[in-house]
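Student: Need a 3D model of the sequence below.
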Amino acid sequence: MEQKTSIYETIELCLLAGKVMLQSGAETYRVEDTMVRIATAFGLSESHSYVTPTVIMFSTSGEQPAKLIRIEERTTDLNKIAEVNAISRQIASGELSARDAKTLLLKAESAPFGYKLPVQILAAALTSACFLIMFGGTWPDFPAAFIAGGAGLAASVWLHRIVQVKFFAEFSAALLVGLLALLFIWGGFGYEFDRIAVGSVMPLVPGLLITNAIRDLMAGHLVSGISKGADACLTAFAIGAGIAVALIFFH
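Tutor: Predicted coordinates:
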């Protein structure tokens, strides 16, 4: 009876670690490798894991049934990924018991995002303005890109919370960025629409998703790589469509 309980606790621990990592934007192969390492540390050397962007499946042997959990929300939180990696290394070195590791993982899962929303908006605004300069823009357009980039990220975060339709938030945020850029041009506060618009949408671009898609494909995880690539392409299309609509109907 103790052995079954130990196996059950190990499976739950592996699934919890994989869930936290996948929800935080980790690569598929990293999630699978972490789960297998944790299972091996607790004596389950014959475990197998299968991870996609929306599902985690884990099995210890032919005698135990495979368990599955569904991932519905995904974001980017590299701090949580680093925390789970640190916990898995402590487990592998024998420094943590299953119970203590589960407590730390639950704490990491429930922890809020490392930066509050005002800080994220300020960072997005500054990033947008800097991208404007990097793309060959002029300093007089710096304030316009600063305001439009911050407003775009704020709109994206707010819409993600109230609308469950995928890609709608990115489209609407890009549309807002395009409208603000046009408004600045009309009001004489900006001069180059293309530089302002391109710089301001950069915080919305799914850069980490594109990187993970390529890394998963290179690691042989074709299903995850293709699905993440499609997700990134659709997000990029939504951003481009938002700017295009602003140009077509309001220019």
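Student: What is the helix or strand where L22 lies packed up against?
Tutor: Per DSSP states H and E: L22 is located in helix 2-23. If you count contacts as 3 or more CB pairs under 8 Å, 6 or more residues apart in numbering; DSSP states H and E, helix 2-23 packs onto helix 28-41, strand 48-51, strand 55-59, strand 67-70, helix 78-92, helix 98-110. Yep, even glycine has a C-beta here, placed from its N, CA and C like the rest.
Student: looking at those, which is closest to S224?
Tutor: helix 28-41 (4.0 Å; CB to CB).
Student: can you pull the buried residues of the closest one?
Tutor: T28, Y29, R30, V31, E32, T34, M35, V36, R37, I38, A39, A41 (16 or more other CB atoms under 10 Å).
Student: now stretch 212-222
Tutor: Quick answer for stretch 212-222 (16+ other CB under 10 Å): N212, A213, R215, D216, A219, H221.
Student: Repeat that for stretch 168-175.
Tutor: A169, E170, F171, S172, A173, A174, L175.
Student: The third one: what's its closest spatial neighbour, skipping adjacent residues?
Tutor: To tie it back to what came earlier, the one meant is F171. A238 (4.2 Å; CB to CB, 6 or more residues apart in numbering).
Student: So the one you found versus F189, what's the distance?
Tutor: Distance of A238 to F189, given as CB to CB, to the nearest Å: 27 Å.
Student: neighbour count winner among those two?
Tutor: A238 (20 against 14; other CB atoms under 10 Å).
Student: Secondary structure of that one: a strand, I assume?
Tutor: No. With DSSP: H, G, I helix; E, B strand; the rest coil as the criterion, A238 is assigned helix and is not in a strand.
Student: give me every residue that touches it.
Tutor: Contacts for A238 (CB atoms under 8 Å, 6 or more residues apart in numbering) come out as F167, F168, E170, F171, A174.
Student: related to what we said a few turns ago, show the pLDDT at the residue nearest to F171.
Tutor: Turning to A238, the model gives it a pLDDT of 95.
Student: One more: the one 10 residues further on?
Tutor: Reading off the per-residue confidence, I248 sits at a pLDDT of 89.
Student: again with K166
Tutor: For K166, the pLDDT comes out at 74.
Student: what's it sitting at in phi/psi?
Tutor: Here is the backbone geometry of K166 (degrees, to the nearest 10): phi -60, psi 140.
Student: And I133, how close does it get to N79?
Tutor: 29 Å.
Student: try L96
Tutor: For L96 relative to N79 (CB to CB), the value is 19 Å.
Student: Next: V55.
Tutor: Per CB to CB, V55 is found 24 Å from N79.
Student: buried stuff in the helix holding L22?
Tutor: 7, 9-23.
Student: list the helices and strands the helix or strand D194 falls within packs on?
Tutor: Using DSSP H and E, D194 maps to helix 193-201. Packing partners of helix 193-201 (3+ CB pairs under 8 Å, 6+ apart): helix 117-134, helix 142-162, helix 168-187, helix 222-250.
Student: Pull the residues that contact that helix.
Tutor: 128-138, 141, 144-145, 148-149, 152, 174, 177-178, 180-182, 184-185, 190, 239, 243.
Student: How about stretch 72-81?
Tutor: By CB under 8 Å, 6+ apart, stretch 72-81 touches 20-26, 30, 53-54, 108-109, 111, 113-114, 208.
Student: CA-only coordinates of the helix-or-strand element of the chain with minimal mean pLDDT in PDB, if you can.
Tutor: Using mean pLDDT, DSSP states H and E, helix 2-23 stands out as the lowest-scoring helix or strand of the chain, at a mean of 80. Output in PDB follows, covering the C-alpha atoms of helix 2-23 (Å, rounded to 0.1, in the frame of the first residue of the first chain):
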ATOM      1  CA  GLU A   2       2.900   2.400   0.800                       C
ATOM      2  CA  GLN A   3       4.400   1.700  -2.600                       C
ATOM      3  CA  LYS A   4       1.200   2.600  -4.500                       C
ATOM      4  CA  THR A   5       0.800   5.800  -2.400                       C
ATOM      5  CA  SER A   6       4.400   6.700  -3.200                       C
ATOM      6  CA  ILE A   7       3.800   6.100  -7.000                       C
ATOM      7  CA  TYR A   8       0.700   8.100  -6.900                       C
ATOM      8  CA  GLU A   9       2.400  11.100  -5.100                       C
ATOM      9  CA  THR A  10       5.200  10.900  -7.600                       C
ATOM     10  CA  ILE A  11       2.900  11.000 -10.600                       C
ATOM     11  CA  GLU A  12       1.000  14.000  -9.100                       C
ATOM     12  CA  LEU A  13       4.300  15.800  -8.500                       C
ATOM     13  CA  CYS A  14       5.500  15.200 -12.000                       C
ATOM     14  CA  LEU A  15       2.200  16.400 -13.500                       C
ATOM     15  CA  LEU A  16       2.200  19.500 -11.300                       C
ATOM     16  CA  ALA A  17       5.700  20.400 -12.300                       C
ATOM     17  CA  GLY A  18       4.900  19.900 -16.000                       C
ATOM     18  CA  LYS A  19       1.700  22.000 -15.700                       C
ATOM     19  CA  VAL A  20       3.400  25.000 -14.000                       C
ATOM     20  CA  MET A  21       6.200  24.900 -16.700                       C
ATOM     21  CA  LEU A  22       3.900  24.600 -19.700                       C
ATOM     22  CA  GLN A  23       1.500  27.300 -18.400                       C
END
